[in-house]
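Trainee: Next comes the sequence, and after it the predicted model I'd like to discuss.
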Amino acid sequence: MNSFLASVARNRGILPALVVIGFAIAVLSRYQPIFSGYTQIILITIGINIILCVSLNLVNGYMGEFSVGHAGFMSLGAYTSAVFTTKWLPDIPMLFPVAVIFGGVLAAIIGFLLALLSFKTRGDYLAIITLAFLMIVKSAWENIPYVGGPAGLLGVDKYTTLPWTFFWVVVTMLVIRNLVYSKFGRAILAIREDEIAANAMGVRIREAKILAFVVSSFFGGVAGALYAHLNFINPKYFDIVKSTEILVMVYLGGISSLGGSILGAVVFTVLFYQLESLGLGYWRMVILSSLLILLMLFRPRGIMGMKELPWFLPRRELDKRRQP
Amino acid sequence: MLDDVLYLAQQTINALQQGSIYALIALGYTMVYGVLTMINFAHGDLFMLGAFACMLLAGLLMPIMASFPPILIFIVILLLVMLIIGVLGASIERVAYRPLRNAPRVSAIITALGCGLLIESLTLVIFPYSKSMPSLFTNTTFELFKMPHPDAAGASVTLTITALQIIIICVSLTLMVALDFLIRKTRYGMAMRAISFDSRTVPLMGIPVDRIISMTFLIGAGLGGAAGMLYGLAYPVIAPSMGILVGWKAFIAAVVGGIGSIRGAVLGGFILGAVEVIAVVAFDSSYRDLISYSLLLVILIFKPYGLLGQPPNQKV
């Protein structure tokens, strides 16, 4: 049984098959009542959380920086895409993907500016800059009457469906997986291990950092856009608690691991909804934060920290590992 | 003309009150950063617990000590709050931060974030709704200056200070002076400065590093607790979320002043207090956060290590 599982885990054909089957089920669920409404919401939330978690893992895990501003990128994507679909070109469901990309691009532009700013300082100061960014963005939404001010933007169409979420999860995984195992990915890893040594070896630190930041914030924005077309948006939602939730997912699943990020997002989301339905809503954050502390004390790299599911590894890495 | 001056003076008093509370909290952030080079994200929540501890202690002690003068009750509660929150801060260090001292720095920061979240959510479980703080003494308003209003007949322009404002400013300044004395003149303070200067060599000189770090957390958290109590008295509706709202802003104050620098934290606290009062007077209270956090970014661009901070010496 174990060897069967091991051979499944190593078989590289499984992943594309899973993607096709998953997408087929997602599309089918639009026409057949496969999942209840509640299950669908949970599945979509898992998808959004996977996108958030994988994209934050790029900066916090692979690059080893500490950004707490992911909820800010999420809110940028959410607000821009929602303004796009409700105010600029309303009632055209065909344009939903354009709105999502638009939201992602705006988040990426701001992410680029933030990356430039972060070069002025180093170390823990990135946490400070991203924290300030988060607070400024949230405060800005609250003060712009055009997007509803403190009450939030109402009347956003519910365009986010299971197939769309699944599609964006696959795109995110594909882009970040290919980025991580590319030349830039190695530069990003080198920055985590030793920035000064990497610089001395000719790694273009600025470029690698900017790229990681831009990609990470783009997908943060995409996740926000998906969220915006599922729930109503309120500026208070995108605060430091939301950022912390994403951080919990990343460090729970494991840093520098795509498989870990999926695991973290699934475990977190299921736990989140289960505790709510058990009537433990208030205890939810108590349990999750204790989990985070215990994890850091006893397994600081998370459940799958630095380990990757063989499906996501490129062939050359797999071959390297097989040889003793 | 004179009424403008009075208005300015009135706002200065408000800024001093706000600034001294920020400065007290910022001291805790900066002390911990000084000895451990770690951002103690749980500090804001210790500040929040200070307010709640004061509320509970007031309910407990006010009936017992009813015959004593109010100022004595105030001092007893202040000392107890500082002790309780200080011990709590030191225990958090012992349980959650010390095992991670040699781990990657990010782990310690995440743990701190987790501790802060745990304190806040636990408080939220116990007190789901915001509470009102009992007043420990009658808050007399003193009229410092009075003149007839230049435009409206019969009305008058006054410059006032409340007993609470006097107490907040005096208590904060006393604590800051005491801390400055402790750090500059005592053996403990010398050890603390030595650790922040070079934490690897210091244990070789026979200095008990663990004890000094525990003491630092005790004092820093105690100051944060005192700030929480003063803040709760000034704005008597207290809620678990104020740890994030106020605490993190005080963190900005510490960064603006130069994190790791004691005098920088005090300076940053008063600057932030002034900026907030100006923002509210000149724009609108909803722009307060926007302006104070933007100020942080601007200062970090031009002075990456804060106003009084020094860049760390980077060893390769």
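Mentor: Everything's here; your move.
Trainee: Helices along the stretch 201-316 of chain B, start to end?
Mentor: Remark: helices of the stretch 201-316 of chain B, listed N- to C-terminal, are B:209-234, B:242-257, B:262-282, B:288-302; assignment by DSSP state H, counting those that start in this stretch.
Trainee: Please identify the buried residues of the longest one?
Mentor: Pointing back at helix B:209-234 there. Neighbour-count burial for helix B:209-234, counted by 16 or more other C-beta atoms under 10 Å in any protein chain shown, picks out B:209, B:212-234. All C-beta atoms are positioned from the backbone trio N, CA, C, and that covers glycine.
Trainee: and for stretch A:86-97, what are the contacting residues?
Mentor: Contact partners of stretch A:86-97, identified using C-beta atoms under 8 Å, 6 or more residues apart in numbering or on different chains, comprise A:84-85, A:146, A:153, A:155-157, A:159, A:164, A:229.
Trainee: and those, which two are the farthest apart?
Mentor: Checking the contacts of stretch A:86-97 against each other with C-beta to C-beta, the farthest-apart pair comes out as A:Tyr146 and A:Trp164, at 26.3 Å.
Trainee: More neighbours: these two, which one.
Mentor: The residue with more neighbours, out of A:Tyr146 and A:Trp164, is A:Trp164; 18 against 10, by other C-beta atoms under 10 Å in any protein chain shown.
Trainee: need the contact list for the more buried one.
Mentor: A:Trp164 makes contact with A:96-97, A:100, A:226, according to C-beta under 8 Å, 6+ apart.
Trainee: ok, back up a step: what's the closest of the helices of the stretch 201-316 of chain B to chain A?
Mentor: Distance to chain A, taken as C-beta to the nearest C-beta, is lowest for helix B:288-302 among the helices of the stretch 201-316 of chain B, at 4.0 Å.
Trainee: So A:Ile110 sits against A:Phe73, correct?
Mentor: Yes: contact status for A:Ile110 versus A:Phe73: in contact at 7.2 Å, counting by C-beta atoms under 8 Å.
Trainee: Quantify the burial of A:Arg177 by counting its neighbouring residues.
Mentor: In terms of burial, A:Arg177 registers 18 neighbours under the definition other C-beta under 10 Å.
Trainee: same deal with A:Leu18?
Mentor: Residues within reach of A:Leu18, counting by other C-beta under 10 Å, total 11.
Trainee: cool, B:Asn102 as well?
Mentor: Residues near B:Asn102, counting by other C-beta under 10 Å, number 8.
Trainee: A helix includes it, no?
Mentor: No: the assignment for B:Asn102 is coil, going by DSSP: H, G, I helix; E, B strand; the rest coil, so no helix is present there.
Trainee: confidence score at it?
Mentor: The predicted local confidence for B:Asn102 comes out at a pLDDT of 82.
Trainee: In PyMOL, select just the buried ones from the contacts of stretch A:86-97.
Mentor: Filtering these down to the buried ones (16+ other C-beta under 10 Å) takes a single PyMOL command:
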select buried, chain A and resi 84+85+153+156+159+164+229
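Trainee: now, which of the contacts of stretch A:86-97 sits nearest B:Tyr287?
Mentor: Nearest member of those to B:Tyr287, counting by C-beta to C-beta, is A:Tyr146, at 16.0 Å.
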